[in-house]
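In: Okay, sequence plus prediction incoming.
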Amino acid sequence: MGFPGTWMTPSESALYRVVPKCACSTIGQIMYFSDHGTFFDGDIHDASEGLHKWAQEDSQAPITRAVTSRDVYAFTCVRNPYTRVLSSFFDKICGIQRNGKRYRGNLVPLLVQKYGIEVGGPDGKEEFDQVASFRRFLLFVRDTIRWRKPMDPDIHWSATSGHVSTFIANGGRYDRIFWTERFNDGMQSVLDAVDTPHSVDLESMPRFNESESHGPRRAHPVEAYFDDLSMHLMWEIYHRDFRLFRYDFENPANKMPTAEIDLDEVHAKLA
């Protein structure tokens with residue numbers, strides 16, 4: 001199976017397991033800058049050189065060597081399941097993607113037909129009942145993850161622990177897992193632990209939120225989208241994420257972690 005979703009700097013200063021919707025664009029640009037002294041001009045996911053990526057065949061041997069030797073600092077970044085799945089809904093379901101089209105072609109028409117979801121019209125800018133549509137989307141997410149119907153789960157809303165686990169199951173070990181909600185502290189701890197050709201000033205660099213303008217703005221606070229049934233579904237889908245990465249399941253309004261992540265526990269439970 002290898003190490004899908006793994007990126008590495010060409011200087012082999014750091015390895016990163018990408019988790020969608022968890023600041024991956026910003027992290028990729030930081031890694032790119034740390035080797036080249038400049039940011040990639042465009043969406044870092046489109047970069048075909050300047051970073052080793054598992055999806056590129058000629059990158060697989062150096063990534064495999066780095067992971068198995070454990071000589072390269074390995075890290076990833078996680079996010080509160082409540083805000084992550086909301087972000088997936090507004091970006092991927094309601095939004096128009098950077099190619100000018102809907103995400104995954106017929107996905108949105110399928111959701112409109114089978115789940116009664118509204119997405120704000122053809123351009124995502126019309127008024128619609130965000131809460132009702134999101135809760136229907138969450139039913140769809142549960143169906144894809146539990147029964148793989150009407151399609152396999154998508155990487156943007158499948159559990160963070162599932163992404164994190166493939167790296168561990170295939171022989172990798174993380175030196176650091178940090179939270180999107182405390183991004184600068186976590187990313188700085190990674191930069192402090194590695195030697196890079198170019199230094200990165202996190203305070204002054206731009207943020208690369210490639211999905212920010214794709215969809216409508218969230219009209220309500222996070223907790224407004226989650227009633228008792230929605231929270232039940234969230235626990236069914238993301239219970240490992242809440243437990244392992246120390247997020248508050250009982251209070252959707254609290255996006256911050258409640259305790260430190262235990263790396264030994266993460267490796268033991270996701271191996």
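Out: Good, I have the coordinates. Numbering: from 1, shown residues only.
In: pLDDT below threshold where in the stretch 101-250 of the chain?
Out: Counting by pLDDT under 70, the ranges of the stretch 101-250 of the chain that qualify are 210-214.
In: Swap in 80 and give it another go.
Out: 123-124, 207, 209-215 (pLDDT under 80).
In: As a check, name the ranges of all strands in it.
Out: 176-179 (DSSP state E, counting those that start in this stretch).
In: wait, isn't residue 260 in contact with residue 245?
Out: No: with contact defined as C-beta atoms under 8 Å, residue 260 does not count as touching residue 245 (10.3 Å). Using the backbone N, CA and C atoms, a C-beta is placed for each residue, glycine as well.
In: Neighbour count: these two, which is higher?
Out: More neighbours surround residue 245 than the other of residue 260 and residue 245, with 23 against 7 (other C-beta atoms under 10 Å).
In: quick one: that one and residue 72, what's the gap?
Out: 23 Å (C-beta to C-beta, to the nearest Å).
In: neighbours of the closest residue in space to residue 248 that isn't next to it in sequence, just the number please.
Out: Among residues not flanking residue 248 along the chain, residue 254 sits closest, at 4.4 Å (C-beta to C-beta, 6 or more residues apart in numbering). Using other C-beta under 10 Å, residue 254 is surrounded by 15 other residues.
In: Tell me where the longest strand sits in this protein.
Out: Counting by DSSP state E, the longest strand found in the chain is strand 73-78.
In: other SSEs contacting the next helix or strand after that strand?
Out: Later in the chain than strand 73-78, the nearest helix or strand by DSSP states H and E is helix 81-88. Applying 3 or more C-beta pairs under 8 Å, 6 or more residues apart in numbering; DSSP states H and E, one finds that helix 81-88 makes contact with helix 130-147, helix 228-244.
In: residue contacts, residue 44?
Out: Residues in contact with residue 44, defined by C-beta atoms under 8 Å, 6 or more residues apart in numbering, are 25, 28, 29, 32, 51, 208.
In: One more pass at 6 Å, please.
Out: Contact partners of residue 44, counting by C-beta atoms under 6 Å, 6 or more residues apart in numbering, are 25, 28, 29.
In: Grab the nearest non-local neighbour of residue 129.
Out: residue 118 (6.4 Å).
In: Angles on the backbone of that neighbour, please.
Out: phi -100, psi 150 (degrees, to the nearest 10).
In: ok, it - how many residues close by?
Out: 16.
In: Neighbours of the nearest residue to residue 108 once chain neighbours are set aside, how many?
Out: Closest residue in space to residue 108, ignoring its immediate chain neighbours: residue 102 at 4.7 Å, by C-beta to C-beta, 6+ apart. Close neighbours of residue 102, defined as other C-beta under 10 Å, add up to 19.
In: distance of residue 102 from residue 128?
Out: On the measure of C-beta to C-beta, residue 102 and residue 128 end up 15 Å apart.
In: Kindly report the same for residue 119.
Out: Residue 119 is 7 Å from residue 128, by C-beta to C-beta.
In: Tell me which residues touch residue 172, please.
Out: residue 67.
In: hang on, the earlier thing: direction included, what does the longest strand of the chain pair up with?
Out: Within its sheet, strand 73-78 is paired with strand 14-17 (parallel), strand 176-179 (parallel), according to DSSP bridges.
In: quick one, which of those strands is nearest to residue 169?
Out: strand 14-17 (11.6 Å; C-beta to C-beta).
In: Provide the contact partners of the closest one at residue level.
Out: 5, 6, 7, 8, 27, 66, 72, 73, 74, 76, 167, 194.
In: Mind jotting down where the helices sit in the protein?
Out: Secondary structure of the chain (DSSP state H): helices at 24-36, 57-69, 81-88, 107-115, 130-147, 160-169, 183-193, 228-244, 263-270.
In: Mind listing what's buried along the longest one?
Out: Right, helix 130-147. Neighbour counts over helix 130-147 (16 or more other C-beta atoms under 10 Å) mark 130, 133-145 as buried.
In: rewinding a little: got the helices of the chain as a markdown table, with distance to residue 175 columns?
Out: Shown next, in a markdown table, are the helices of the chain (distance: least, C-beta to C-beta, whole Å):
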| stretch | distance to residue 175 |
| --- | --- |
| helix 24-36 | 15 |
| helix 57-69 | 12 |
| helix 81-88 | 23 |
| helix 107-115 | 36 |
| helix 130-147 | 29 |
| helix 160-169 | 12 |
| helix 183-193 | 7 |
| helix 228-244 | 16 |
| helix 263-270 | 8 |
